[in-house]
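Asks: just need the structure, nothing else, for what follows:
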Amino acid sequence: QVQLVESGGGVVQAGGSLRLSCAGSEVTFSSYGMGWFRQAPGKEREFVAATSKSGGTSIYSDSVKGRFTVSRDNAKNTMYLQMNSLKPEDTGAYYCAAKNGPFVSRLAKDFGSWGQGTQVTVSS
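Replies: As a prediction, this is how the structure comes out:
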């Protein structure tokens with residue numbers, strides 16, 4: 001399984017921006033569909049965004065659509081999540097995940113490899 005490491009989390013005021021990165025360990029990074037999930041304290045992990053192997057197809061949760069952008073650079077084995085217009089409800093631990101297979105998915109069960117997460121805190 002591919003090893004994943006997230007970075008870029010931090011504390012930001014509402015309305016601000018952050019960019020998260022997810023670095024993969026394998027040269028076959030481009031063979032994986034990728035996704036971002038988040039988990040707030042006391043809540044279940046929820047889907048945020050996902051992208052296809054090439055980055056040509058991306059999907060988003062309704063709560064972040066229009067504010068967040070997922071992208072990837074397969075030459076650098078890295079996926080990104082650009083987060084703009086952040087809200088306090090975006091606070092949580094953000095996880096990147098990798099999946100095999102040809103389809104983009106928003107289901108956590110479809111992803112076999114997970115990073116350890118990076119914390120995002122949005123203050124009001």
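
Asks: residue contacts, the residue positioned nearest the centre of the chain?
Replies: Centroid check for the chain by CA atoms, centre = their mean gives Trp36 as the closest residue, at 2.4 Å. Contacts here follow CB atoms under 8 Å, 6 or more residues apart in numbering; on that basis Trp36 touches Leu20, Cys22, Val48, Ala49, Ala50, Val70, Met79, Leu81, Tyr94, Tyr95, Cys96, Ala97. All C-beta atoms are positioned from the backbone trio N, CA, C, and that covers glycine.

Asks: I'd like those as TSV, with distance to Gly10 and neighbour count appended.
Replies: Formatted as TSV, the contacts of Trp36 follow (distance: CB to CB, whole Å; neighbours: other CB atoms under 10 Å):
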residue	distance to Gly10	neighbour count
Leu20	10	23
Cys22	15	27
Val48	17	25
Ala49	19	25
Ala50	23	26
Val70	19	23
Met79	18	29
Leu81	13	27
Tyr94	11	24
Tyr95	16	23
Cys96	16	29
Ala97	21	25
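
Asks: which of those fall in strands?
Replies: Judged by DSSP state E, the subset of the contacts of Trp36 located in strands is Leu20, Cys22, Val48, Ala49, Ala50, Val70, Met79, Leu81, Tyr94, Tyr95, Cys96, Ala97.

Asks: spit out the contact partners of the first one.
Replies: Translated: Leu20. Neighbour list for Leu20: Glu6, Ser7, Gly8, Gly9, Trp36, Tyr80, Leu81, Met83, Tyr94, Cys96, Thr118, Val120 [criterion: CB under 8 Å, 6+ apart].
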